[in-house]
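**Q** what follows is a predicted protein model with its sequence.
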Amino acid sequence: MSEHENETVVRSFYAAFETAGYECTVRELLVDDVKWHVAGNNPLAGDFIGIDAVVGAMRRYDEHSHHTLKLDTRSVFADEHHAVAIHWATAHREGFAYRAHEIDVFHLSGGLITEFWSFSEDQDATDALWS
């Protein structure tokens, strides 16, 4: 069975984040007024609107984790309008080792990401990492 187009978009998004030049590829996968929602009670949580805000948030996650943030995508499920990705997220910062399942939910239209929500199985650990 072949991969759904929206599954391919989401997998491309995660693959881009693993490269040094991720910003250009990520920008090509988002609509201009993308809405990005990151749960939590930490300085890096919140709602980000627009490509520049989303890429800026991604840059802050990378920098704050001292470039150790890794997303090991385990599964992506997609249909015409949505995709759900399950991955292991790991990072290390100042003696703190983070490892948690995270679930990301995407809305897509025309092969582009229009909205995103991220959820962690251990929100307290996620908040500690980003605080």
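**A** Arrived safely. Residues are numbered from 1 along each chain as shown.
**Q** thinking L129 is in contact with A91, fair?
**A** Yes - the criterion here is C-beta atoms under 8 Å, and L129 meets it with A91 at 5.8 Å. For every residue, glycine as well, the C-beta is placed using N, CA and C.
**Q** give the contact list for the residue lying closest to F119 once chain neighbours are set aside.
**A** Of all residues not flanking F119 in the chain, I103 sits nearest, at 4.9 Å (C-beta to C-beta, 6 or more residues apart in numbering). By C-beta atoms under 8 Å, 6 or more residues apart in numbering, the contact list for I103 reads V84, A85, I86, S118, F119, E121.
**Q** chain center to the one helix or strand I103 maps to, what's the gap?
**A** For I103, the element it lies in under DSSP states H and E is strand 96-109. Centroid separation between strand 96-109 and its chain, computed with C-alpha atoms, centre = their mean, to the nearest Å, is 6 Å.
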